[in-house]
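In: Give me a model of this one.
(4 chains)
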2 protein chains.
Amino acid sequence: MASKLFVSAQEVARRAGVSRSAVSRTFTPGASVSAETRQRVLKAAEELGYHVNHLARGLMRNESGIVCLIVSDVATPYRAAVLRELTLQLQNAGKVAMLINTDRSDGSVDRALHQAIRYRADASVILSGLPDKSIVQLCLRSGQRLVLINRDDDQPGPLRINVDDADAGSRVATAFARAGCRRLAFANSLAGTPSLVRREKGFVAAAAALGLQVVVERYGATGYEAGQVLAQRLLTRSERPDAVFCATDLMACGFMDAARRQFGLAVPSQLCVAGFDNIEQASWLSYELTTFAQPVDRIAKYAIDWLGTDDSGEDGPEPITLPAELIWRRSIRGG
Amino acid sequence: MASKLFVSAQEVARRAGVSRSAVSRTFTPGASVSAETRQRVLKAAEELGYHVNHLARGLMRNESGIVCLIVSDVATPYRAAVLRELTLQLQNAGKVAMLINTDRSDGSVDRALHQAIRYRADASVILSGLPDKSIVQLCLRSGQRLVLINRDDDQPGPLRINVDDADAGSRVATAFARAGCRRLAFANSLAGTPSLVRREKGFVAAAAALGLQVVVERYGATGYEAGQVLAQRLLTRSERPDAVFCATDLMACGFMDAARRQFGLAVPSQLCVAGFDNIEQASWLSYELTTFAQPVDRIAKYAIDWLGTDDSGEDGPEPITLPAELIWRRSIRGG
DNA sequence: GCGAGTTTTGCACGCGTTTGCAAGAAACTG
DNA sequence: CAGTTTCTTGCAAACGCGTGCAAAACTCGC
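Out: A predicted model of the protein is given here:
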């Protein structure tokens, strides 16, 4: 490969006229080394361009400093936002993020976790899909921490962080009721992700409790196009809904665009719309979408704080449920 | 830390009743090992949940399989898209992506590259910012490949991949001319990134060659808000422009929204708009933005193919310039 | 059954670290 | 100044793996 190689601690030691251990100790916080040797080592390291080999260090310490982020559809606004938050906070915690992309195929998450094991990641954060139980066991047995975000698995061991989707769904229903809407609709995807299911259930249950009729339609993925198609389906019904809760902001944008362009409906006077995720586009003038913000910063903080703790050996940590924050904009009347 | 540890090749060897080397050879493609031992090793490995330690392997082979992606503003649609493409193709090539977030602060990219060196990354791909010359030298000396995407640095060594922004700018100008526009404008950010500068220059030069007047305004970052502000500034001029080329799609979206809402202008009949990047939102019904698609797939392919080659030792590879593809939608008249 | 040729296997070393241990130096105590 | 404590430092053993080398096992032709 490369003709020249990375410079090792050995060479630094030679140049500084000390032993290899002295070099190591210089770069190990809390190790005992005199001020003078430290200076000489640092000088030699600087001149040679030496940097501690974290591969070797990880080998020794059984702690690589690597955290795997396992996620599909990175390019999606919501996913990209949580990715950003996680990598940022990981860096501040002195860790480094390894990004693994998954797809919808079977075993995709499992393969990602195998990769995490190969690189001896200290932990893996799973944002998409659900790993096989056996792999989870293998990770835990190997001493690798696992964080499931909005995955809603029930086996103990991993840290599970969820957003209170049901509550959010219920709050939307009451908001629609206050706006005087009578015929509610829920526009969902066919993905069947637990969080999407909870949103739907919470919404439907609250609507029923309020004595409002509610219809559910499901189609495709969680993107813009699905929102358009669902608008076609819902807005052509004999009893046209006057309020729709879309499972994601992307779907809401597609829904609104179709509602305006193809059905000539005005939002919110003729149709109230709500979304979920508070992606950047929700605040754009063309949408001004009322939606829920997931507390991505707190989610990331909980996850990363837990990685620093030593509470292993138990049945795993308690699951955490965080509330979504309602972001009120102009796509619902009143407010 | 963890009570139990990762399982090593030693344990697999014991269980399979072979030597540790046999285990190693089983997992090394092209090594000589009999079919029978191979099977026994694979069986034992499966039962124990063994996975080769890539940290140790990287130590031996001087090849970690890690590629660092150095980028700021991951949550931005364009950045997220190229990130997605890079991680996907890296995985297909058997590499793994390490994601490092930078900010605007001084030395942010340099710190990221230091991190890449610590983890003995085989290569680093820089998507934002510009590293210091000395760090670049250190990377190259250490045998680490460097890819600069749209960074436009002039020192040899790294692979430089650029999009032909000037050409794109010039094509927009002629498109505006064909649409009968007379008073052109360029809405740029203050970032001053080389690619943004080239877009502006190409556009202005072509407009001048066509005998059209053109005005340039610059403000803020490359996001939606900057587009809004620039609309305020440009559309309140005594001689209002009838066509505007925005440096990015995000700015174009902000510009269009402001033009419609606050100035009541219709696109494209009263105002033609073009953008750059072809983010997903550009295709949304609210925008239908004519824009340029960067060939992210080809960019990623060039970068990753080069990582597989052995052409070190020279003055570095030839810089690559790729054309941007014009995506024609309805924000410009005619077509 | 024997020798030549081929494949497989085990041993031992090296990769760049960290770290326990013991020896040496320095500082402090009485 | 001897005795004791505190720091500092080098040695050597790990960590989990790849691989050159030589011994061992196997294959084949006769």
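In: count of residues packed around the spatially closest residue to A:A252 that is not a sequence neighbour?
Out: For A:A252, ignoring the flanking residues on the chain, the nearest one in space by CB to CB, 6 or more residues apart in numbering or on different chains is A:G275 at 3.3 Å. (Each C-beta comes from the backbone N, C-alpha and C, glycine too.) For A:G275, the neighbour count with other CB atoms under 10 Å in any protein chain shown is 31.
In: In contact with A:G275: list those residues for me.
Out: Applying CB atoms under 8 Å, 6 or more residues apart in numbering or on different chains, we find A:G275 in contact with A:245-246, A:248-249, A:251-253, A:282, A:289-292, A:331.
In: cool, A:D122 as well?
Out: A:E63, A:S64, A:G65, A:I66, A:V67, A:K95, A:Q144, A:R145, A:L307.
In: one more time with 7 Å
Out: By CB atoms under 7 Å, 6 or more residues apart in numbering or on different chains, the contact list for A:D122 reads A:E63, A:S64, A:G65, A:I66, A:V67, A:Q144, A:R145, A:L307.
In: if I look at the closest residue to A:C272 other than its chain neighbours, how far off is chain B?
Out: The shortest distance from A:C272 to any non-neighbouring residue, by CB to CB, 6+ apart, is to A:A243 (4.1 Å). Note on A:A243: its distance to chain B, by CB to the nearest CB, to the nearest Å, is 21 Å.
In: go on, A:D297?
Out: 13 Å.
In: which SS class is that residue?
Out: helix (DSSP: H, G, I helix; E, B strand; the rest coil).
In: Hmm, it is touching A:E85, no?
Out: Yes: the criterion here is CB atoms under 7 Å, and A:D297 meets it with A:E85 at 5.8 Å.
In: Neighbour count: these two, which is higher?
Out: A:E85 (22 against 13).
In: Ramachandran angles for the residue sitting nearest the centre point of chain A?
Out: Chain A has A:V82 as the residue nearest its centroid, 4.5 Å off, counting by CA atoms, centre = their mean. When read as degrees, to the nearest 10, the backbone of A:V82 gives phi -70, psi -30.
In: Spit out the contact partners of it.
Out: A:L127, A:V296.
In: and with 10 Å instead?
Out: A:69, A:71, A:76, A:125, A:127, A:149-150, A:277, A:294, A:296-297, A:299-300, B:75 (CB atoms under 10 Å, 6 or more residues apart in numbering or on different chains).
In: Selection in PyMOL covering whichever of those residues are buried, please.
Out: Provided next is the PyMOL selection string for whichever of these are buried by 16 or more other CB atoms under 10 Å in any protein chain shown:
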select buried, (chain A and resi 69+71+76+125+127+149+150+277+294+296+299+300) or (chain B and resi 75)
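In: Between A:D297 and A:E85, which contacts overlap?
Out: By CB under 10 Å, 6+ apart, no residue touches both A:D297 and A:E85.
In: Tell me which residues are up against stretch A:17-29.
Out: A:8-16, A:31-34, A:37-42, A:44-45, A:50-52, A:57, A:60-61.
In: So which residues on the stretch 51-200 of chain A come close to DNA strand C?
Out: A:H51, A:V52, A:N53, A:A56, A:R57, A:L59, A:M60, A:R61 (CB under 7 Å from any atom of the strand).
In: Just give the closest residue to A:S128, not the sequence neighbours.
Out: Nearest to A:S128 is A:S72, by CB to CB, 6+ apart, at 4.0 Å.
In: List phi and psi for the one you found.
Out: phi -110, psi 160.
In: So it is in contact with A:Y78, correct?
Out: No: the criterion here is CB atoms under 10 Å, and A:S72 misses it with A:Y78 at 12.0 Å.
In: Need the overlap of contacts for the two.
Out: In contact with both A:S72 and A:Y78: A:L127, using CB under 10 Å, 6+ apart.
In: okay, the residues of the stretch 51-200 of chain A next to DNA strand C in JSON lines with neighbour count and pLDDT next?
Out: Below are these laid out as JSON lines (neighbours: other CB atoms under 10 Å in any protein chain shown; pLDDT from 0 to 100):
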{"residue": "A:H51", "neighbour count": "20", "pLDDT": "96"}
{"residue": "A:V52", "neighbour count": "16", "pLDDT": "95"}
{"residue": "A:N53", "neighbour count": "21", "pLDDT": "96"}
{"residue": "A:A56", "neighbour count": "16", "pLDDT": "96"}
{"residue": "A:R57", "neighbour count": "18", "pLDDT": "95"}
{"residue": "A:L59", "neighbour count": "17", "pLDDT": "93"}
{"residue": "A:M60", "neighbour count": "8", "pLDDT": "92"}
{"residue": "A:R61", "neighbour count": "12", "pLDDT": "92"}
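In: So which of the residues you listed is the closest to B:Y119?
Out: Here the nearest of those to B:Y119, counting by CB to CB, is A:N53; it sits at 8.4 Å.
In: Chain A: helices as residue ranges?
Out: A:9-16, A:20-26, A:35-48, A:54-61, A:77-92, A:108-118, A:133-141, A:165-178, A:194-209, A:224-235, A:249-263, A:296-308 (DSSP state H).
In: Need the mean per-residue confidence for the shortest one.
Out: The predicted model assigns helix A:20-26 a mean pLDDT of 94.
In: and if you look at the last one?
Out: Helix A:296-308 shows a mean pLDDT of 95.
In: Can you dump the C-alpha atoms of that helix in PDB for me?
Out: Only the C-alpha atoms of helix A:296-308 are listed here, as PDB (Å, rounded to 0.1, in the frame of the first residue of the first chain):
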ATOM      1  CA  VAL A 296     -34.000  14.800  19.600                       C
ATOM      2  CA  ASP A 297     -31.500  16.700  21.800                       C
ATOM      3  CA  ARG A 298     -32.900  15.000  24.900                       C
ATOM      4  CA  ILE A 299     -33.100  11.600  23.200                       C
ATOM      5  CA  ALA A 300     -29.400  11.900  22.200                       C
ATOM      6  CA  LYS A 301     -28.500  13.100  25.700                       C
ATOM      7  CA  TYR A 302     -30.200  10.200  27.500                       C
ATOM      8  CA  ALA A 303     -28.600   7.700  25.100                       C
ATOM      9  CA  ILE A 304     -25.100   9.100  25.500                       C
ATOM     10  CA  ASP A 305     -25.300   9.700  29.200                       C
ATOM     11  CA  TRP A 306     -26.200   6.100  29.600                       C
ATOM     12  CA  LEU A 307     -23.200   5.000  27.700                       C
ATOM     13  CA  GLY A 308     -21.000   6.600  30.300                       C
END
